[in-house]
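K.L.:
Provide a 3D model corresponding to the input given below.
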Amino acid sequence: MKYIKNLVLFYLSYVFNFIIGFALIKILSTTLNQEALGRYFYITNIGALAGNVLLLGFPLTFQRYIPLYQREGKMENAYTLVHIPVLAHTLIGIILSIPILILFGYAYFSLFFSFYLINTITLYQTALVSTFKVLEYSLTVLFRGILLISSFLIVRPLINLERIGTISLLVNLLFLLILFTQFPLKLTSAKKVLNEIKDYWKYSLFNQLLAPFFVYLDSLLIPLFLPFSQLSLFQISRKLDFGTRQTLELPLQLTAPIISFKKTDELVTVEFAEKYRAFRLFYFYLTFFWFLIFQFLGKFLIILISNKNYLPAYPYLLGISFSFLITTLYATDSMLARSLGNIKLFFYKDVLWLLGFIIIFFLTAPKLGLRGVLIAFLLSSIITSLYHILNFKVLSSFEYGFESLRLVFIGIQSALYLYQNNSLPSLLILTMIIALDFNNFKKAINILVSKLREK
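P.N.:
As a prediction, the model looks like this:
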């Protein structure tokens with residue numbers, strides 16, 4: 001029950017934060033031209049990419065070791081594990097930002113560094129989740145968004161890239177300081193902590209070096225073949241999609257520390273297997289819900305956060321969202337693997353996705369443009385799903401087959417809706433999909449009811 005309360009709290013803060021984030025995109029897309037907006041996306045994505053790469057695997061390590069330290073009463077180790085990476089990350093960001101200030105000026109510097117610091121903030125926020133301080137996490141997400149959008153609304157008539165950078169930088173520095181105060185400076189030997197985490201951390205490090213490219217690689221590659229105006233078009237669909245991915249990462253982030261906290265004998269019971277299947281079903285339908293939102297309301301959402309000039313982004317939004325729906329075949333399994341210490345599989349899975357994406361991109365994008373980029377998303381997700389299922393099989397072959405067939409039907413109905421602009425065939429197929437899952441729904445509801453009765 002505590003898990004459900006925490007998840008609800010997560011989503012309440014994130015729903016409001018999405019509203020704030022999309023309002024920000026609306027302001028930018030209606031005050032900057034497509035070329036300037038493309039440049040904004042380009043430099044901020046570079047800053048976010050650098051900051052994300054230089055997290056050096058510590059968010060994953062936090063989710064594994066902070067719950068262990070908490071269970072064993074070694075909170076000094078946990079605080080050391082949190083503060084040292086944050087300090088190092090901040091100093092590296094300052095060093096990287098100085099050449100940008102000298103070569104490209106203050107506007108690019110402030111945009112780069114402010115988006116770099118978002119990842120520094122992520123370190124503290126991940127630590128809050130790992131210590132089960134969900135309320136504190138949610139409040140920092142909520143109020144940072146409120147302050148950011150309020151500041152942009154005040155200066156909207158005079159907005160430009162330099163003012164955008166200044167506001168973002170000041171807000172992020174303020175919340176970095178606030179989060180710093182949430183963790184006491186009761187430290188122990190950094191060397192001792194590093195020795196304890198190093199075997200797990202080294203694969204987390206490799207994984208973290210790759211993870212940011214999932215978010216920013218397309219924005220770095222698209223300008224190689226297409227103008228910045230096309231980048232801004234694709235980025236509108238990516239911003240909507242990325243907001244969804246952040247939301248869907250929350251139940252995984254919240255579950256990972258809980259599994260790490262458990263002992264091995266607790267994870268091999270029939271009860272855990274039933275709960276895991278219920279969680280997997282919940283995660284799929286949560287992802288499916290967002291896909292349907294984009295399918296039926298995608299054009300409205302694009303206009304809501306930008307303007308009618310960006311409506312050609314709709315097919316790309318639908319395709320990218322479907323590529324993420326494909327990852328439900330392995331997303332929860334991947335979370336389970338890394339929570340059990342199998343970070344190596346987690347790393348190799350990411351390597352495969354990135355290599356697949358890059359190869360397919362260069363084969364398709366030069367000739368097909370943004371359609372080629374979309375094909376790269378879809379095919380790399382399919383390839384990665386097959387790899388993960390073959391190497392970490394949690395369910396039976398029949399169950400994976402059923403889930404794959406379910407995705408095929410979803411793909412058919414979305415194609416019918418996109419190209420025939422007729423809702424009836426889509427709704428009939430969707431009804432059939434839900435009906436096939438009826439028995440699984442009953443099992444999941446029974447598990448939830450039994451937990452409520454225990455309370």
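
K.L.:
Can you point out the buried residues in stretch 229-245?
P.N.:
Of the residues in stretch 229-245, 230-245 count as buried by neighbour count, 16 or more other Cβ atoms under 10 Å. All C-beta spots, glycine's among them, are computed from the backbone N, C-alpha and C.

K.L.:
likewise stretch 278-287?
P.N.:
Ala278, Phe279, Arg280, Leu281, Tyr283, Phe284, Tyr285, Leu286, Thr287.

K.L.:
can I get the CA coordinates of that stretch in PDB?
P.N.:
The C-alpha trace of stretch 278-287 is given here as PDB (Å, rounded to 0.1, in the frame of the first residue of the first chain):
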ATOM      1  CA  ALA A 278       0.700  -8.000 -11.900                       C
ATOM      2  CA  PHE A 279       3.300  -5.200 -11.900                       C
ATOM      3  CA  ARG A 280       4.300  -6.100 -15.500                       C
ATOM      4  CA  LEU A 281       0.700  -5.900 -16.600                       C
ATOM      5  CA  PHE A 282       0.300  -2.600 -14.800                       C
ATOM      6  CA  TYR A 283       3.400  -1.200 -16.500                       C
ATOM      7  CA  PHE A 284       2.200  -2.300 -20.000                       C
ATOM      8  CA  TYR A 285      -1.200  -0.700 -19.700                       C
ATOM      9  CA  LEU A 286       0.300   2.500 -18.300                       C
ATOM     10  CA  THR A 287       2.500   2.700 -21.400                       C
END
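
K.L.:
For the stretch 101-250 of the chain, just list every one of the helices.
P.N.:
Per DSSP state H, counting those that start in this stretch, the stretch 101-250 of the chain carries helices over the ranges 106-130, 134-155, 161-180, 190-221, 228-261.

K.L.:
what's the most buried one of those helices?
P.N.:
helix 106-130 (a mean of 23; mean count of other Cβ atoms under 10 Å).

K.L.:
Between helix 190-221 and that one, find me the angle.
P.N.:
Following axes from the mean of the first three to the mean of the last three Cα atoms, to 10 degrees, one obtains 130 degrees for the angle between helix 106-130 and helix 190-221.

K.L.:
Output the helices of the stretch 101-250 of the chain in JSON lines, with distance to Ile94 and mean pLDDT appended to each entry.
P.N.:
Shown next, in JSON lines, are the helices of the stretch 101-250 of the chain (distance: least, Cβ to Cβ, whole Å; pLDDT from 0 to 100):
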{"stretch": "helix 106-130", "distance to Ile94": "8", "mean pLDDT": "89"}
{"stretch": "helix 134-155", "distance to Ile94": "21", "mean pLDDT": "82"}
{"stretch": "helix 161-180", "distance to Ile94": "11", "mean pLDDT": "90"}
{"stretch": "helix 190-221", "distance to Ile94": "19", "mean pLDDT": "75"}
{"stretch": "helix 228-261", "distance to Ile94": "26", "mean pLDDT": "76"}
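
K.L.:
so which of the ones you listed comes closest to Leu56?
P.N.:
Leu56 sits nearest to helix 190-221 of all the helices of the stretch 101-250 of the chain, at 5.2 Å, using Cβ to Cβ.

K.L.:
Off-centre distance for the closest one?
P.N.:
Mean C-alpha position of helix 190-221 versus that of the full chain (Cα atoms, centre = their mean, to the nearest Å) differs by 15 Å.

K.L.:
how far off helix 228-261 does it point, in degrees?
P.N.:
Using the same axes, to 10 degrees: helix 190-221 against helix 228-261 is 150 degrees.

K.L.:
which strands and helices sit next to helix 190-221?
P.N.:
Contacts defined by 3 or more Cβ pairs under 8 Å, 6 or more residues apart in numbering; DSSP states H and E place helix 190-221 against helix 34-53, helix 58-71, helix 75-104, helix 228-261, helix 343-368, helix 370-391.
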